[in-house]
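In: need a structure here:
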Amino acid sequence: MSSKIISVKTYLLVWISLILLLLITWGVSRINLGPFSIVIAMAIAVLKMLLVLLFFMHVRYGSRIIWIFAGAGFLWLMIMITLTLTDYITRGQVRPTNKSLSEFRKQMNSPDYLDKETHRDK
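Out: Just a heads-up that it's a prediction; the model follows:
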């Protein structure tokens, strides 16, 4: 199994690109672009991920099976992020109560707490 030898020049160009993308990310974070800030930051992060994946992990010159496994790993990551975000987005908001925390703890520790009408089986 022979692998393509990547020149030092290529590694330096990729490293410089990563540093430039880092500086662009920092610069964009200092500018208030509203909801587009997240979109731009994620686009830059995907570009950085692709550079690392293709060159530093040698996927660019790898066989088709390497591409399949790299794609499957990325697909699995996207599935897990999507499931996590759908869970996060669909949860209800916790409403604050007027009671203080100490009053709530006293109520929880009282012996008749479970005997109250709201906690009975129906």
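In: and for residue 51, the neighbour number?
Out: 18 (other Cβ atoms under 10 Å). In this view, the C-beta of every residue, glycine as well, is placed from N, C-alpha and C.
In: cool, the one 4 residues further on as well?
Out: The criterion is other Cβ under 10 Å. On that basis, residue 55 has 19 neighbouring residues.
In: confidence score at it?
Out: Note on residue 55: pLDDT of 93.
In: swap in residue 77?
Out: Taking residue 77 on its own, its pLDDT is 92.
In: element containing it, please.
Out: Following DSSP states H and E, one finds residue 77 within helix 64-90.
In: any idea how far that helix is from the chain center?
Out: When distances are taken as Cα atoms, centre = their mean, to the nearest Å, helix 64-90 is centred 11 Å away from the chain's centroid.
In: which residues are contacting stretch 67-83?
Out: When contacts are defined by Cβ atoms under 8 Å, 6 or more residues apart in numbering, stretch 67-83 is touched by residues 53, 57, 59, 62.
In: what strand or helix carries residue 62?
Out: Here residue 62, judged by DSSP H and E, is contained in no helix and no strand.
In: grab the nearest non-local neighbour of it.
Out: Spatially, and ignoring its direct neighbours in sequence, residue 62 is nearest to residue 70 (7.8 Å; Cβ to Cβ, 6 or more residues apart in numbering).
In: okay, now that neighbour: neighbour count?
Out: 15.
In: now it: how far from residue 32?
Out: 36 Å (Cβ to Cβ, to the nearest Å).
In: what's the answer for residue 65, then?
Out: 45 Å.
In: now residue 11
Out: Counting by Cβ to Cβ, the gap from residue 11 to residue 32 is 36 Å.
In: ok, the two, which is more surrounded?
Out: Neighbours were counted for residue 11 and for residue 32 using other Cβ under 10 Å; residue 11 has more, 12 against 7.
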